[in-house]
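*Asks:* next one to model:
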Amino acid sequence: MNTQLQQEIRQLWCDNLGCPTAEEADNYFVCGGTSISAIRLLSAIRDQLGVTLDYTELFEYQTLEALSRRIAAALTAKEEAV
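*Replies:* Just a heads-up that it's a prediction; the model follows:
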């Protein structure tokens, strides 16, 4: 999955963690994410992508790929609801 959406999520992820790049298999918490930075990441996702995720979802979708798929699914569901 290498879409524009994933690139946007990757940028939010990297900005949040202060890392220059991230791979699909990177784990948010292994890469230095904390509970406080997770809240900031979820806020950025909500503000920039319009997707509200529950805090616990970041623990379920810890990799960049899994998180991207979850956000893509949320956006699809949001579009179908309209």
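
*Asks:* and residue 76, how far is that from residue 29?
*Replies:* From residue 76 across to residue 29, the span is 26 Å (Cβ to Cβ, to the nearest Å). From N, CA and C alone the C-beta is placed, and that goes for glycine too.

*Asks:* so for these two, which sits in the more crowded spot?
*Replies:* Neighbour count, other Cβ atoms under 10 Å: between residue 76 and residue 29, residue 29 has more, with 13 against 10.

*Asks:* surely that one meets residue 62?
*Replies:* Yes. Using Cβ atoms under 8 Å, residue 29 is in contact with residue 62, at 6.2 Å.

*Asks:* now the lowest-mean-pLDDT helix or strand in the chain - C-alpha only, CSV.
*Replies:* Across the helices and strands of the chain, mean confidence by mean pLDDT, DSSP states H and E is lowest for helix 64-81: a mean of 92. Listed next in CSV are the C-alpha coordinates belonging to helix 64-81 (Å, rounded to 0.1, in the frame of the first residue of the first chain):
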residue,chain,number,x,y,z
LEU,A,64,2.5,2.2,9.8
GLU,A,65,0.9,-0.3,7.4
ALA,A,66,-1.8,-1.4,9.9
LEU,A,67,-2.6,2.2,11.0
SER,A,68,-2.8,3.3,7.3
ARG,A,69,-5.2,0.4,6.5
ARG,A,70,-7.4,1.3,9.6
ILE,A,71,-7.5,5.0,8.5
ALA,A,72,-8.3,4.1,4.9
ALA,A,73,-11.2,1.8,6.2
ALA,A,74,-12.5,4.6,8.3
LEU,A,75,-12.5,7.1,5.4
THR,A,76,-14.2,4.6,3.2
ALA,A,77,-16.9,4.0,5.8
LYS,A,78,-17.3,7.7,6.2
GLU,A,79,-17.8,8.2,2.4
GLU,A,80,-20.3,5.4,2.2
ALA,A,81,-22.3,6.9,5.0
